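>>> Prediction below, plus the sequence it came from.
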Amino acid sequence: MASRFYDPDGTKYGTPTYPRNLAPRGLATKKQLRRLGLRPGGQEPVAQLAWRSRSRCGGARDGYRLAWLYHVHLARPVRPMTPAREQALARALLARHTCRDCGEIHPYCLPTSLGGVCPPGTGCAAAPAVAA
Ligand SMILES: [Zn+2]
């Protein structure tokens, strides 16, 4: 039992901590997930990996470095930008630029506080209300 980084209960570090070679199966760092084509997908890290490092760059502190560990079975596939997604994104953006009342397309997103219609003084809100 050698490593000062072996702390599966988190009593020492506050978070379950494992040295690099003793991480439990089923847990992976972000980098390892990425290599599998996965991303954490919103889950909180469940543990951390710690290893000795002389390097002081890249988040190194006091001669050791940490990496969060995530459940592999909770990870989600990385979503590539597909033409369909791009179109959906463009449609969503366009919708935010389009007045819900008159359909005028503005060069900016319409504030949701106005309910997605033309701001006062523009488009269908430009003409002052005609008193009957
Ligand atoms: Zn309008």
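In hand now; what should we look at? A quick note: this is a predicted structure, and the numbers were derived from the prediction, not measured.

>>> So for the most centrally placed residue in the chain, what pLDDT did the model give?
The structure's the chain has its C-alpha centroid closest to G42; by C-alpha atoms, centre = their mean the separation is 7.0 Å. Per-residue confidence at G42 stands at 91 (pLDDT).

>>> my read is Q48 is in a strand, agree?
Yes. Secondary structure assignment (DSSP: H, G, I helix; E, B strand; the rest coil) places Q48 inside a strand.

>>> ok so, going back, what pLDDT does the nearest residue to the residue nearest to the centre of the chain once chain neighbours are set aside get?
Computed as C-beta to C-beta, 6 or more residues apart in numbering, the closest residue to G42 that is not its neighbour in sequence is R76, at 7.9 Å. C-beta: built from backbone N, CA, C; applies to glycine. Note on R76: pLDDT of 93.

>>> Could you report the distance from R76 to the ion?
Applying C-beta to the ion, to the nearest Å, the value for R76 to the ion is 39 Å.

>>> How about V117?
Looking at V117 against the ion, where the rule is C-beta to the ion, the gap reads 5 Å.

>>> So what's the residue count around that residue?
The burial metric for V117, expressed as a neighbour count using other C-beta atoms under 10 Å, is 18.

>>> helix/strand/coil for it?
Strictly by three-state DSSP, V117 counts as coil.

>>> So it is in contact with H106, correct?
No. Under the criterion of C-beta atoms under 8 Å, V117 makes no contact with H106, lying 10.3 Å away.

>>> isn't there a helix covering K12?
No. The secondary structure assignment for K12 gives coil rather than a helix, going by three-state DSSP.

>>> Start the count at 153 instead of 1 going forward.
In the new numbering, first residue 153, that becomes K164.

>>> Count residues in the vicinity of it, would you?
Neighbours around K164, by other C-beta under 10 Å: 12.

>>> From the ion, how far out is A240?
In this structure, A240 and the ion are 24 Å apart, going by C-beta to the ion.

>>> that's a helix at that residue, yeah?
Yes. Counting by three-state DSSP, A240 is located in a helix.

>>> What's the local residue count around it?
Other residues within reach of A240 by the criterion other C-beta under 10 Å amount to 11.

>>> measure it to A247 for me?
For A240, the distance to A247 under the criterion C-beta to C-beta, to the nearest Å works out to 11 Å.
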